[in-house]
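> sequence and computational prediction follow.
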Amino acid sequence: MEAKSVFSNKKDTNTEQKLDMDRIPAHIAIIMDGNGRWAQARHLPRVAGHKQGMQTVKKVTIAASDLGVKVLSLYAFSTENWKRPATEVNYLMQLPIRFFKTFVPDLVKHNVKVMVMGDITRLPAETQQAVKDAIKDTADCDGMILNFALNYGSRDEITRAVQAIATAAQDGQLDPTTITEQTISDHLMSSPLGELADPDLLIRTSGEERISNFMLWQIAYSELEFVPEHWPDFDGEALKRAIIGFQGRHRRFGGL
Ligand SMILES: CCc1cc(N2CCCCCC2)n2ncc(-c3ccc(F)cc3)c2n1
């Protein structure tokens, strides 16, 4: 009997036939890589990749929301990105402003709530304000949470959690012998996500197979999908292919 091809990530596969809408991952995290290479391949400046990448953020946000994803975490700017040329950093700092100027009505229409992880106090004041306004403008939405990691680094996040826990112990507010994994989770920047804090699926675009200091604690049991598309070429169909890959694996959470 011919073996039944159950799952396939090939581009020409009709993903509608194989996507199990009853097993959509609740929390998907994405490292949006490949914007510079996308631009370079077209003999464009790097910022053209970032500009197109922002359009992909809009497209994938709606696609994820329509699929019933509960949390979409996007690695937009890492603590290491400050080392990039000042011209590129300045351009990147404008993107949240442009994103919200053009997309808040669509976010509200799709009932998407904006959340941010990271130390935004280091961002330019107008960027901070745009983020704060978007959080406020979408506060009443109870659909998908769009969680931007902005000036975020996982080691920084864990260090801040340890500092807070040590201070609480020093002040007599916390008995060190009662510290559990939940204590640490509760002190991470993802703690407002509660039970949804840990991604079920982590996607990284552009073929690189690295985690790059993103949600190190939270992805302990996440399925990892490294896809070839540069972020600007990623879309709803690529998202479905990644979810099919996720659905094709038996998730063990450490057990058998
Ligand atoms: C601050 C760096 C940056 C870069 C960036 N790129 C460039 C690099 C990654 C690919 C996506 C496009 N995007 N795209 C959306 C945002 C954004 C961030 C926060 C927010 F609240 C709303 C939107 C964004 N932020």
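Cool, got the structure.
> for residue 57, which non-adjacent residue is closest in space?
residue 74 (6.4 Å; CB to CB, 6 or more residues apart in numbering). Any C-beta I mention is one placed from the backbone N, CA and C, and that applies to glycine too.
> now do the helices in this protein.
15-18, 35-41, 46-67, 86-109, 125-137, 154-170, 181-186, 236-247 (DSSP state H).
> coming back round to it: what's near enough to touch the residue nearest to residue 57?
By CB atoms under 8 Å, 6 or more residues apart in numbering, the contact set of residue 74 is 29, 30, 32, 57, 146, 147, 148, 149.
> near the ligand, which residues of the stretch 101-250 of the chain?
Residues of the stretch 101-250 of the chain lying close to the ligand (CB under 6 Å from any ligand atom) are 116, 131, 134, 148, 150, 231.
> please redo it, this time with the cut-off set to 8 Å
Counting by CB under 8 Å from any ligand atom, the stretch 101-250 of the chain comes close to the ligand at 114, 116, 123, 127, 130, 131, 134, 148, 150, 151, 231, 232.
> name the nearest residue to the fifth one, ignoring sequence neighbours.
Using CB to CB, 6+ apart and skipping residues adjacent in sequence, the residue nearest residue 130 is residue 97, 4.3 Å away.
> correct me if wrong: the one you found contacts residue 128.
No. Assessed by CB atoms under 8 Å, residue 97 is found out of contact with residue 128, at 10.0 Å.
> excluding its backbone neighbours, what's nearest the closest residue to the ligand within the chain?
In the chain, no residue comes nearer to the ligand than residue 53, which is 3.1 Å away by CB to the nearest ligand atom. Closest residue in space to residue 53, ignoring its immediate chain neighbours: residue 35 at 4.3 Å, by CB to CB, 6+ apart.
> wait, the one you found sits on residue 233?
No. The pair residue 35 / residue 233 is not scored as a contact, 10.2 Å apart, by CB under 8 Å.
> who has more neighbours out of those two?
More neighbours surround residue 35 than the other of residue 35 and residue 233, with 24 against 17 (other CB atoms under 10 Å).
> contacts only, for the closest residue in space to residue 183 that isn't next to it in sequence.
Nearest residue to residue 183, sequence neighbours excluded (CB to CB, 6+ apart): residue 165, at 6.3 Å. The neighbours of residue 165, taking CB under 8 Å, 6+ apart as the test, are 174, 179, 183, 184, 187.
> which two in these are spaced the farthest apart?
Farthest-apart pair in the contacts of residue 165 is 174 and 184; separation 11.9 Å (CB to CB).
> residue contacts, residue 49?
Contacts of residue 49 by CB under 8 Å, 6+ apart are 34, 35, 36, 37, 38, 39, 40, 230, 231, 232.
> distance of it relative to residue 256?
Per CB to CB, to the nearest Å, residue 49 is found 44 Å from residue 256.
> surely residue 91 meets residue 54?
No. In this structure, residue 91 is not within contact of residue 54 by CB under 8 Å, at 10.7 Å.
> who's more crowded, the two?
residue 54 (22 against 16).
> look up the closest residue to that one, ignoring the ones flanking it.
Closest residue in space to residue 54, ignoring its immediate chain neighbours: residue 95 at 5.4 Å, by CB to CB, 6+ apart.
> alright, I will stop here.
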